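Participant: Fold the following.
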Amino acid sequence: MFVIVKSGPDTQDGKRGVKLARDLSADICLVQNAVYFAKKERLEGFCGILYVLEDDLRLRGLKDGELEGGIKKLSYDGLVGIMADEDKVVGIF
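Facilitator: Numbers count the residues shown, from 1 in each chain. Reported below is the predicted structural model:
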């Protein structure tokens, strides 16, 4: 399963999306304001693969030193490719 979250850490939708991914041990992609979840110590205990849209990181001024280790940066084309390959994709907005 692949979970896409766009809402930031200060919203119920964002928290719900990350919790869903954590509970189901799903991979997650953070887009738009959800990229703030990628900052250090925001996703403790998350065991899936964490993807972040590179353009959204750049637009929000987040630097590599501020982010959790092991994050995989994606382009929009890369995101589409992953969604096409997954059996189930859930979007939490």
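
Participant: residue contacts, the residue lying closest to Asp87 once chain neighbours are set aside?
Facilitator: Distances taken as Cβ to Cβ, 6 or more residues apart in numbering put Met1 closest to Asp87, at 7.4 Å, once the chain neighbours are dropped. Every residue, glycine included, has its C-beta placed from N, CA and C. Residues near Met1 by Cβ atoms under 8 Å, 6 or more residues apart in numbering: Leu24, Ala26, Asp27, Glu86, Asp87, Lys88, Val89, Val90.

Participant: is it possible to export those residues to a markdown table including distance to Asn33?
Facilitator: Shown next, in a markdown table, are the contacts of Met1 (distance: Cβ to Cβ, whole Å):
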| residue | distance to Asn33 |
| --- | --- |
| Leu24 | 22 |
| Ala26 | 20 |
| Asp27 | 19 |
| Glu86 | 23 |
| Asp87 | 27 |
| Lys88 | 24 |
| Val89 | 20 |
| Val90 | 18 |
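
Participant: ok, of these, which come out buried?
Facilitator: Among these, those buried by neighbour count (16 or more other Cβ atoms under 10 Å) are Ala26, Asp27, Val90.

Participant: Just the pLDDT for Gly48.
Facilitator: In this prediction, Gly48 carries a pLDDT score of 89.

Participant: how many neighbours does it have?
Facilitator: When neighbours are counted by other Cβ atoms under 10 Å, Gly48 registers 16.

Participant: before we move on, what about Val80?
Facilitator: By the criterion of other Cβ under 10 Å, Val80 has 11 neighbours.

Participant: Let me have the buried ones among the contacts of Met1 in JSON lines, extended by pLDDT, distance to Gly8 and secondary structure.
Facilitator: Supplementary listing: the buried ones among the contacts of Met1 in JSON lines, determined by pLDDT from 0 to 100; distance: Cβ to Cβ, whole Å; DSSP: H, G, I helix; E, B strand; the rest coil:
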{"residue": "Ala26", "pLDDT": "93", "distance to Gly8": "19", "secondary structure": "coil"}
{"residue": "Asp27", "pLDDT": "94", "distance to Gly8": "20", "secondary structure": "strand"}
{"residue": "Val90", "pLDDT": "90", "distance to Gly8": "18", "secondary structure": "strand"}
